[in-house]
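Colleague: here you go, sequence then predicted model.
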Amino acid sequence: MNKDIKKIDKLLLFLVTLLCIFGLVMIYSASSASTILRYQVSSNHFFIRQLLVLILSYCAGMFILFIPTKRYKFLVYIYSIGVILLLVLVLVKGKIAGNAQSWFDLGPFNLQPTEFAKTALILFMSVYYNNLSKRNTKNLTLYFVPLFLAVAYTVLTLMQPDWGGGAIIIAIAFLTFLSVPMIKKNILKILKILAIGVVIIAVVLLYKGGNIMSSNKLSRLNFRNPCERYQEQSGYQVCNALIAISNGGLFGVGLGQSSQKYLYLPESHTDMIFPIICEELGSIVGTLIIIVYGIILFKLFKIAKQSDNLRTSILAYGTFWYFALHIFINIFGFLALIPLTGVPLPFLSYGGSYTINAVLMIFVVERVTIENQKNKLNRQLMSI
């Protein structure tokens, strides 16, 4: 057991843990006003909840660290089906918040099935494609099966409606799909098939999708020049995020001294935590965080490249895209470069379901690192 722990990527785990601890501090700071003014609870309410979630996640992660990925097979299929059932059930029994029916209210904890759908998809793709690889399957049709699961997850997520979550699910599926060797070898055929599928979906949406997006969701597509639309919902949050960043300058106004967290940014401790960080600690700290994210993503990509079987490779590639998409959509959203969809920032934003899944996927990748090191050692011994 101790030998296995020594094989993990220590820098990766250190950086993730550092962000989690820093995130706790900023969640406390960013939510200190809204807890009292908006939620009428103690100022450390969200801090305590996030701390408990992180403790639970790390304890579960240490358990995952010693489970070989080859044992995922049976559990992954149950997990994937279970997520579908949860996504259906949340449409019937879910809690409505922010114009979306996306959560189960479990008292001290809100469960968001969409976050579990993202990780379930990565795990399913890793096991499924590894099985096809072992059988040396040449039938390209079989390689599309995980995409049908992704479409099911996406449609159910869009029905809540959660467009940010739906976009990430389908993007994870597509980008991870492209990393499969058989897909790379037949990329032209695959692109033709996908193009036909896109045309069919576009035609269906054109004739049948008039009511799919509410006027509120359509207004979010108008993301340019947010401060000129300050009175509109699509401009209010983004403009206040930009004001927060501008207020902070290079060095910030000081920890706990943000003015924008006083309900100007309603989700200051969740989706909008990065602008609060920049306001209180400055753009220099914001830049350092982006650099840390870059190192984490590089580590994940490197682990994927070093994997010598498809199961572990896809686990790492899928996790890479999982975090890359969240970082990209969150930061580009409040910078008014893309529509604001409201997705959490990895390891910094408050959120139980997302935090659990994000931390556990890091430990899954650490397990991949252990197996990569063991396989490398075995090859060296065999070559002697």
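Modeller: Sure thing, it's come through. The shown structure was predicted, so the numbers you read here are calculated from the model rather than taken from an experiment.
Colleague: you'd agree I190 is up against M182?
Modeller: No: I190 is not in contact with M182 according to CB atoms under 8 Å; the separation is 9.3 Å. No exception for glycine: its C-beta is placed from N, CA and C like everyone else's.
Colleague: out of everything not next to it in sequence, what's closest to S32?
Modeller: Once flanking residues are discounted, S32 sits nearest to S43: 4.8 Å by CB to CB, 6 or more residues apart in numbering.
Colleague: where does G107 fall, secondary structure wise?
Modeller: In the assignment (DSSP states H and E), G107 maps to no helix and no strand.
Colleague: which parts of the stretch 1-150 of the chain are strands?
Modeller: Ranges of strands in the stretch 1-150 of the chain, per DSSP state E, counting those that start in this stretch, are 95-97, 100-105, 110-111.
Colleague: wait, M361 touches T319, no?
Modeller: Yes: M361 lies in contact with T319 (CB under 8 Å); the separation is 4.8 Å.
Colleague: in stretch 14-30, what counts as buried?
Modeller: Neighbour-count burial for stretch 14-30 flags L15, V16, L19, C20, F22, G23, L24, M26, I27, Y28, S29, A30 (criterion: 16 or more other CB atoms under 10 Å).
Colleague: which residue ranges of the stretch 251-384 of the chain form strands?
Modeller: Here the stretch 251-384 of the chain has no strands by DSSP E, counting those that start in this stretch.
Colleague: how about the helices in it?
Modeller: Here the stretch 251-384 of the chain has its helices, by DSSP state H, counting those that start in this stretch, at 273-281, 283-306, 310-334, 352-383.
Colleague: format the ones you listed as a markdown table; extra columns: mean neighbour count and mean pLDDT.
Modeller: Formatted as a markdown table, those follow (neighbours: other CB atoms under 10 Å; pLDDT from 0 to 100):
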| stretch | mean neighbour count | mean pLDDT |
| --- | --- | --- |
| helix 273-281 | 26 | 95 |
| helix 283-306 | 17 | 96 |
| helix 310-334 | 23 | 95 |
| helix 352-383 | 19 | 90 |
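Colleague: can you list those helices in a markdown table and add distance to I55?
Modeller: What follows is the helices of the stretch 251-384 of the chain, written out as a markdown table (distance: least, CB to CB, whole Å):
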| stretch | distance to I55 |
| --- | --- |
| helix 273-281 | 20 |
| helix 283-306 | 21 |
| helix 310-334 | 21 |
| helix 352-383 | 10 |
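Colleague: and those helices: which comes nearest I170?
Modeller: helix 310-334 (10.2 Å; CB to CB).
Colleague: what helices or strands is that closest one leaning on?
Modeller: Of the remaining helices and strands, those touching helix 310-334 by 3 or more CB pairs under 8 Å, 6 or more residues apart in numbering; DSSP states H and E are helix 113-134, helix 163-177, helix 233-248, helix 273-281, helix 283-306, helix 352-383.
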